[in-house]
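S.K.: sharing a model prediction with you, sequence too.
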Amino acid sequence: MGTKHSIKISKPDDPTFSIEVATGRSVVIIGANGSGKTRLGVQVEANVKPVVRISAHKSLALNKAVELTSLDRAEKSLRFGLPEGSESNKHGFRWGNNPAVHQLNDFDALLQCLFAEHNRTAVDFLTLAEKDRTTPVPTSRLRQLKAVWDDLLPHRVLELREATIEVIVKTGGQSYAGSDMSDGERAIFYFLGQSLMAPGNSVIVVDEPEGHVHKAILGPLWDAIESARPDCGFLYITHDLDFAVTRPAAAKYFIRSYIHNPQAWDIAELPRDTGLPENVVAEIVGSRKPILFVEGERGSLDVTLYRHHYSAFTIVPVGSCNAVVHSVATYKRSGELHWLEAHGLIDADHRSPESIAELAAKRVHVLPVAEVENLLLLPNVFSAVAEALALDPADTLKKLTDKVLQVAAGLAESTSARYASRRLDERLKRIVNAAQDLATLQTSYNRELASINPTEMFEEFKTMFDKAIADRDLRLVLKLFDNKTLPSIAANALGLRDNSEGLMDRVERLLGDATKGKAIRAALEEALPTISVQPTVARTQNDPPSVTHE
């Protein structure tokens with residue numbers, strides 16, 4: 001039968017607060033740097049038994065050979081820091097009287113324990129096999145570890161020797177000592193070994209489970225470990241949102257802030273059923289700034305630009321423009337996420353003035369250009385980039401303008417057709433939004449269909465687009481022209497690699513330069529929409545309290 005551990009955690013406004021960790025289940029606690037995550041792990045270790053805490057502060061160095069010892073002595077060394085140790089002196093021997101920051105160095109003790117259990121398993125089997133040749137071959141913890149390690153790293157194979165481990169490279173058959181494993185290989189071995197050697201029915205507290213492990217195998221690693229120890233409960237303490245998402249069935253909590261003295265954590269369960277993706281909710285809840293949902297992904301150009309300009313916001317990329325609109329609307333409807341204000345920012349994408357006004361009423365703001373990349377081609381921004389690269393701004397801007405207008409003129413028909421298609425889509429969606437029954441659906445359909453004229457939409461846009469080209473109005477062309485080749489044209493005009501990546505890399509570096517990037521940042525500030533935040537409303541008893549950070 002499973003065991004449930006109720007773990008009390010000091011919380012400023014709730015002296016009865018606790019987290020339940022059951023065998024066969026996992027809990028994830030998410031906290032930013034400085035939120036007292038390691039100290040929380042120390043408190044959990046002190047308040048629950050049996051427990052194994054895998055520290056974030058650890059050495060992964062190991063010797064080539066293991067000094068063999070008995071299983072009892074090896075287990076005491078691993079658990080308490082000394083072969084004759086006990087729970088009463090664990091604080092001093094294992095944790096150096098400072099469990100929050102002590103650099104744990106127990107890899108050799110872990111190896112001793114694994115080999116001692118492996119040897120005992122072999123001896124017990126031989127003893128039984130002498131009496132009964134049909135005795136099934138048991139699997140030691142070390143062989144369990146090897147099976148998982150080999151599966152996670154299929155290009156490598158662990159070879160178990162008498163008192164050493166080696167790694168064999170499958171292609172070529174070369175081998176190297178376990179002590180020469182990479183950081184990632186040793187981290188996987190260490191996490192596996194500590195979890196497999198944990199006492200039965202333990203709570204396994206893992207501080208920074210992502211340490212040195214590639215994201216591609218991070219989820220499978222802990223899936224395999226949890227599967228191997230169904231008799232244990234897992235409590236993960238992390239700042240890595242990507243790791244948190246790999247535990248979909250886990251209960252999740254987040255630390256808003258930490259008080260050092262007296263020690264306490266402002267901690268709460270991650271809101272559920274908000275309508276937003278879990279990784280987005282996890283990023284939001286730790287924020288004290290208003291939220292700005294944007295298009296793109298982490299590391300993309302738009303996110304980089306926005307983090308420089310909208311530094312008063314927590315920038316949350318959610319993918320497409322529709323995802324931005326949905327996220328803002330969902331956030332506003334969620335009673336669980338009420339303490340921060342949320343806005344959205346999307347590309348112009350041929351939106352009509354009516355559509356832009358409707359979006360603004362929903363706190364979704366629209367860029368002054370068709371695509372975010374076009375921001376870098378705006379005259380003031382581009383000239384500032386050219387000057388930062390020691391080029392003549394006027395000549396470089398003329399070169400850019402000539403090429404952009406040439407490309408735009410050649411694609412005027414297809415650009416106008418895309419605009420008309422989007423306007424048609426926008427108008428037809430009104431039918432769906434207005435429909436409540438068959439009668440209103442038919443009425444709405446007849447009304448909108450009667451007022452839709454695709455030819456008029458096409459011609460109206462093309463006339464405007466042709467005039468912008470003829471007038472050499474680069475700013476208006478960039479508002480109307482949604483073409484992905486424009487960044488490459490800009491890169492070529494600046495003498496950079498003839499692709500968008502060359503431009504993005506250089507602009508990103510310039511933005512981070514206090515001197516060279518000053519004019520670029522000023523030009524972007526002039527171009528980007530101003531997003532005003534409402535004054536903070538009075539807090540309710542459910543709002544996160546103001547807590548002193550360490």
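M.R.: The structure has been received and is ready for your questions.
S.K.: V167 bridge partners, please.
M.R.: L158, Y176 (DSSP bridges).
S.K.: from the chain's centre, how far out does the top strand by length along the chain sit?
M.R.: Identified as the longest strand of the chain according to DSSP state E is strand 251-259. With C-alpha atoms, centre = their mean, to the nearest Å as the basis, strand 251-259 stands 17 Å off its chain's centre.
S.K.: for stretch 438-458, same thing?
M.R.: Chain-centre distance of stretch 438-458: 44 Å, with C-alpha atoms, centre = their mean.
S.K.: ok, stretch 372-386 next?
M.R.: Worked out by C-alpha atoms, centre = their mean, stretch 372-386 lies 30 Å from the chain centre.
S.K.: so what's the residue count around K429?
M.R.: Neighbour count for K429, taken as other C-beta atoms under 10 Å: 12. (Glycine included, C-beta is placed from N, CA and C.)
S.K.: domains of this protein: list them as residue ranges, please.
M.R.: Domain ranges of the chain: 4-269, 288-527, per automatic domain parsing.
S.K.: what is the rounded mean pLDDT of stretch 163-171?
M.R.: Per-region confidence: stretch 163-171 scores 92 on mean pLDDT.
S.K.: who's in contact with that stretch?
M.R.: 64-68, 111, 115, 154-159, 174-178, 180-181, 185 (C-beta atoms under 8 Å, 6 or more residues apart in numbering).
S.K.: one more: stretch 385-400?
M.R.: 376-377, 379, 382-384, 474, 489-490, 493-495, 506-507, 510, 513, 516-517, 519-520.
S.K.: just the buried ones out of those, please.
M.R.: By neighbour count, with 16 or more other C-beta atoms under 10 Å, the contacts of stretch 385-400 hold 376-377, 379, 382-384, 474, 489-490, 493-494, 506-507, 510, 516-517, 519-520 as buried.
S.K.: correct me, but T23 touches I204?
M.R.: No. Contact criterion C-beta atoms under 8 Å: T23 and I204 do not qualify, at 10.4 Å.
S.K.: show me which of the two is the more surrounded one.
M.R.: For T23 versus I204, the count of surrounding residues by other C-beta under 10 Å is larger for I204: 24 against 19.
S.K.: tell me which residues in the helix or strand where I7 lies are buried?
M.R.: I7 belongs to strand 4-8 when elements are defined using DSSP states H and E. Within strand 4-8, the residues that count as buried by 16+ other C-beta under 10 Å are H5, I7.
S.K.: look up how far A342 lies from the nearest residue to S287 once chain neighbours are set aside.
M.R.: In this structure, S287 finds its nearest non-sequential neighbour in T314, 4.0 Å apart by C-beta to C-beta, 6 or more residues apart in numbering. Going from T314 to A342 by C-beta to C-beta, to the nearest Å gives 10 Å.
S.K.: any common contacting residues for the two?
M.R.: Common neighbours of T314 and A342 (C-beta under 8 Å, 6+ apart) are P290, I291, L292.
S.K.: who wins for most neighbours among those?
M.R.: L292 (25 neighbours).
S.K.: does it touch Y306 like I think?
M.R.: Yes. Using C-beta under 8 Å, L292 is in contact with Y306, at 6.7 Å.
S.K.: thinking again about what came up before, quick one: whichever helix or strand comes after the longest strand of the chain to chain centroid distance?
M.R.: Counting by DSSP H and E, the next helix or strand C-terminal to strand 251-259 is strand 264-269. Counting by C-alpha atoms, centre = their mean, strand 264-269 is centred 21 Å from the centre of its parent chain.
S.K.: would you mind listing the buried residues in strand 264-269?
M.R.: A264, W265, D266, I267, A268.
S.K.: circling back to that earlier point, quick check: angle from the longest strand of the chain to strand 264-269?
M.R.: 160 degrees (axes from the mean of the first three to the mean of the last three C-alpha atoms, to 10 degrees).
S.K.: quick one: list the elements packing against strand 251-259.
M.R.: strand 18-22, strand 26-30, helix 37-47, strand 264-269, helix 278-285 (3 or more C-beta pairs under 8 Å, 6 or more residues apart in numbering; DSSP states H and E).
S.K.: the inter-axis angle of it versus helix 278-285?
M.R.: 20 degrees.
S.K.: sheet-wise, list the partners of strand 251-259 with their directions.
M.R.: Strands that pair with strand 251-259, judged by DSSP bridges, come out as strand 26-30 (parallel), strand 264-269 (antiparallel).
S.K.: contacts for the longest one next, please.
M.R.: The one in question is strand 264-269. 9-13, 17, 29, 35-36, 40, 251-259, 285, 544-545, 547.
S.K.: got the angle for that strand vs strand 18-22?
M.R.: 60 degrees.
S.K.: kindly export strand 264-269 (C-alpha atoms) in PDB.
M.R.: The C-alpha coordinates for strand 264-269 follow below in PDB (Å, rounded to 0.1, in the frame of the first residue of the first chain):
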ATOM      1  CA  ALA A 264       9.400  31.400   5.000                       C
ATOM      2  CA  TRP A 265       8.200  30.900   1.400                       C
ATOM      3  CA  ASP A 266       5.300  32.600  -0.400                       C
ATOM      4  CA  ILE A 267       4.300  29.400  -2.200                       C
ATOM      5  CA  ALA A 268       1.100  28.400  -3.900                       C
ATOM      6  CA  GLU A 269      -0.200  25.700  -6.200                       C
END
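S.K.: ranges for the helices of the stretch 351-500 of the chain?
M.R.: 353-361, 379-388, 393-410, 412-434, 438-451, 454-470, 474-480, 486-493, 500-511 (DSSP state H, counting those that start in this stretch).
S.K.: of those helices, which shows the lowest average pLDDT?
M.R.: helix 438-451 (a mean of 78).
S.K.: what's the angle from that helix to helix 412-434?
M.R.: Using the same axes, to 10 degrees, helix 438-451 lies at 160 degrees relative to helix 412-434.
S.K.: alpha carbons only: can I get helix 438-451 in CSV?
M.R.: C-alpha atoms of helix 438-451 as CSV (Å, rounded to 0.1, in the frame of the first residue of the first chain):
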residue,chain,number,x,y,z
LEU,A,438,-30.3,29.5,-37.7
ALA,A,439,-32.2,32.7,-38.2
THR,A,440,-29.4,35.0,-37.0
LEU,A,441,-26.9,32.9,-38.9
GLN,A,442,-28.8,33.4,-42.1
THR,A,443,-29.4,37.1,-41.4
SER,A,444,-25.7,37.7,-40.6
TYR,A,445,-24.7,35.7,-43.7
ASN,A,446,-26.9,37.7,-46.0
ARG,A,447,-25.9,41.0,-44.6
GLU,A,448,-22.1,40.4,-44.8
LEU,A,449,-22.3,38.7,-48.2
ALA,A,450,-24.2,41.6,-49.6
SER,A,451,-21.5,44.1,-48.4
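S.K.: what comes up buried for it?
M.R.: S444, Y445, E448.
S.K.: before we move on, what about stretch 420-427?
M.R.: A420, R422, R423, R427.
S.K.: for stretch 271-279, same thing?
M.R.: Buried residues in stretch 271-279 (16+ other C-beta under 10 Å): P271, T274, L276, E278.
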